[in-house]
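Colleague: Dropping the sequence and predicted coords here.
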Amino acid sequence: MNTRQTVKGFTIIEVVLVLAIAGLIFLMVFIALPALQSSQRDTARKGDVSTVASSVNSYISGNRGNFPTTAQLETQLGATGEDTNKKYTAVSTNFTNTVVESSAAPGEFTVPESEIRVYKGLKCVSNGPNGKVTLEKGTSRQYATIAQLEGGNKSGYCLDT
């Protein structure tokens with residue numbers, strides 16, 4: 001009587017193939033994850049720019065049309081701490097400084113990565129690479145709020161009224 005014995009299991013080639021496929025999947029996840037996180041931080045930065053612009057509007061409305069100084073805006077945003085250790089209750093941890101410029105001339109501006117700037121009397125024209133934003137003269141009631149984004153080519157983000 002001939003009996004045939006079959007051994008059940010995986011061959012070494014099948015195991016290596018499964019490991020290679022799993023490795024490719026992990027590689028794709030690790031490549032995509034930083035880009036996703038950068039995109040999320042940029043979304044938060046845009047929200048922070050909007051929050052700062054809203055705080056400026058709120059200050060102007062509550063102070064008979066007067067434009068805030070840097071110190072007054074920081075108070076409005078709930079700033080605590082000094083210089084690089086500054087924290088804001090109204091914006092995310094992406095920013096450590098806000099600056100109000102009341103007498104800037106139109107032109108191209110570069111914004112440091114961890115800063116939001118507000119320019120009185122100017123309005124947004126275009127966003128450029130490396131945090132550069134082009135502003136032109138607006139009315140005395142207009143202002144532009146700008147910040148640098150992280151994703152892509154670190155472009156500037158501008159929001160005006």
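Modeller: Great, that's in hand. Residues are numbered from 1 along each chain as shown.

Colleague: which helices and strands sit right next to the longest helix seen in the chain?
Modeller: Looking across the chain with DSSP state H, the single longest helix is helix 12-62. Secondary-structure packing of helix 12-62 (3 or more C-beta pairs under 8 Å, 6 or more residues apart in numbering; DSSP states H and E): helix 70-76, strand 115-120, strand 143-148, strand 156-160. For every residue, glycine as well, the C-beta is placed using N, CA and C.

Colleague: can you rerun that using 6 Å?
Modeller: Contacts defined by 3 or more C-beta pairs under 6 Å, 6 or more residues apart in numbering; DSSP states H and E place helix 12-62 against strand 143-148, strand 156-160.

Colleague: Just say which of those strands is most tucked in.
Modeller: Highest mean neighbour count among these (mean count of other C-beta atoms under 10 Å): strand 143-148, with a mean of 26.

Colleague: So what are the sheet partners of that strand and their directions?
Modeller: strand 115-120 (antiparallel), strand 156-160 (antiparallel) (DSSP bridges).

Colleague: still on that earlier bit, any chance of CSV for the helices and strands packed on helix 12-62, columns mean pLDDT and distance to Ile60?
Modeller: Formatted as CSV, these follow (pLDDT from 0 to 100; distance: least, C-beta to C-beta, whole Å):
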stretch, mean pLDDT, distance to Ile60
strand 143-148, 92, 9
strand 156-160, 89, 14
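
Colleague: In the protein, where is pLDDT below threshold?
Modeller: 1-2, 83-84, 152 (pLDDT under 70).

Colleague: Save the strands paired with strand 143-148 as a markdown table, and put in distance to Ala32 too.
Modeller: Conversion of the strands paired with strand 143-148 to a markdown table gives the following (distance: least, C-beta to C-beta, whole Å):
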| stretch | distance to Ala32 |
| --- | --- |
| strand 115-120 | 29 |
| strand 156-160 | 23 |
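
Colleague: closest to Ile21 out of those strands?
Modeller: Of all those, strand 156-160 sits nearest to Ile21, with 39.8 Å by C-beta to C-beta.

Colleague: ok so Ser103 is a helix residue?
Modeller: No - with DSSP: H, G, I helix; E, B strand; the rest coil as the criterion, Ser103 is assigned coil and is not in a helix.

Colleague: Tally up the residues packed near it, please.
Modeller: The tally of other residues near Ser103 (other C-beta atoms under 10 Å) stands at 7.

Colleague: how far away is it from Tyr88?
Modeller: Distance, Ser103 to Tyr88, by C-beta to C-beta, to the nearest Å: 24 Å.
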